[in-house]
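Colleague: sequence plus the predicted model coming up.
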Amino acid sequence: MNIFYRLLYFFQKRGFEVSRRIAERLGIRARVVRTTFIYLTFVTLGFGFALYLFLAFWLRIKDLIYTKRTSVFDL
C-alpha cells in the first residue's frame with residue numbers, strides 16, 4: 001500500500017501543479033480550474049454516451065428499412 005500512496009501523491013502533485021500554473025496564467029483560482037476540468041469530463045462523457053445511443057438507434061432504423069431481400073416473393 002505504501003507504493004500506491006506514493007504513486008497517488010506523485011500524480012496528485014503533478015496534476016495540481018498543472019492546474020495551478022494554468023490558473024496563475026489566467027489570473028483565477030486553481031480550484032476553479034480543477035472543477036472546470038471535472039465538469040468538462042462529465043459533460044463530454046455524457047455527450048459521447050448520447051451520441052452512441054443515437055447512432056445505435058439510427059443503425060437499427062436503417063436496418064429495418066433497408067433489409068436485403070433475396071427474391072421478389074419475400075415482400
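Modeller: Yep, it's here. Numbers count the residues shown, from 1 in each chain.
Colleague: switch to C-alpha atoms for all contacts and neighbour counts from now on
Modeller: Noted.
Colleague: backbone dihedrals for G27, please?
Modeller: phi 80, psi 30 (degrees, to the nearest 10).
Colleague: count of residues packed around it?
Modeller: The number of residues packed near G27 is 9, by other CA atoms under 10 Å.
Colleague: ok, it to F57 distance?
Modeller: Using CA to CA, to the nearest Å, one obtains 45 Å as the distance from G27 to F57.
Colleague: list the contacts of stretch 34-43.
Modeller: By CA atoms under 8 Å, 6 or more residues apart in numbering, the residues outside stretch 34-43 that reach it are S19.
Colleague: what comes up buried for it?
Modeller: Under the neighbour-count criterion of 16 or more other CA atoms under 10 Å, stretch 34-43 has R34 buried.
Colleague: check stretch 10-29 too.
Modeller: S19, R20, I22, A23.
Colleague: within the helices and strands, which one has F49?
Modeller: Using DSSP states H and E, F49 sits within helix 30-65.
Colleague: buried ones in that helix?
Modeller: Applying 16+ other CA under 10 Å to helix 30-65 flags A30, V33, R34 as buried.
Colleague: L53 versus the last one, what's the distance?
Modeller: Read it as R34. Counting by CA to CA, the gap from R34 to L53 is 29 Å.
Colleague: with the first one instead?
Modeller: Per CA to CA, A30 is found 35 Å from L53.
Colleague: pLDDT weak spots in this structure?
Modeller: Residues of the chain meeting the criterion pLDDT under 70: 1, 15, 67-75.
Colleague: right, and A23 touches V33 too?
Modeller: Yes. Contact criterion CA atoms under 8 Å: A23 and V33 qualify, at 6.4 Å.
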